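Q: Structure of the sequence below:
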Amino acid sequence: MGAWDVGPFDNDAALDWVGDLDDAEGWEPVAAVLRFAEVEGFVDAEDASEGLAAAEVVAAGLGRAREEVPEEVTWFLGRVGHRPSPELVALAGTAVQRILGDDSELRGLWEDTDDLDAWLADTEGLVRRLGVAEA
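A: Numbering: from 1, shown residues only. Here you go, the predicted structure:
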């Protein structure tokens, strides 16, 4: 899984994606990662890992960042200079709900660990910070 902790930035796929924000000037790269939520079906672990990181960027853009975010996220938000749209917030919420669902490889991977409850609590906290329906 390439993860070392339960947080959305605590895995290789998420940090690789966050590095791609270095040149981004708008919210489109964040939206692009979250668009898997618009298509029914299985969500693979890499899409889910990147999706959680992108949803955290949206939450940070709303002023509801978790305690620690990578510097690249802070720099990105400074360049963008405006909040994410309501549509992007809704897309992020849908993505996180899909990741928490039964058709999520990432959830399945966490179910095979002793850290499932911690991952669920962290991810459900993201849902609350996005201000979308509870998980």
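Q: what about the residue of the chain positioned farthest from its centre, which SS state?
A: Note on the chain: the largest C-alpha distance from the chain mean falls to D114, namely 21.5 Å (Cα atoms, centre = their mean). Look at D114: counting by DSSP: H, G, I helix; E, B strand; the rest coil, its state is coil.
Q: And for E111, the neighbour number?
A: 12 (other Cβ atoms under 10 Å). Quick note: C-beta positions are derived from backbone N, CA and C, even for glycine.
Q: how about the residue farthest from the centre of the chain, phi and psi?
A: The phi and psi values for D114, taken as degrees, to the nearest 10, are phi -80, psi 0.
Q: measure it to P8 for me?
A: Computed as Cβ to Cβ, to the nearest Å, the D114 to P8 distance reads 19 Å.
Q: which stretch of helix or strand covers the residue nearest the centre of the chain?
A: Compute the mean C-alpha point of the chain, and by Cα atoms, centre = their mean the closest residue is L52, 1.8 Å away. Here L52 sits within helix 45-61, counting by DSSP states H and E.
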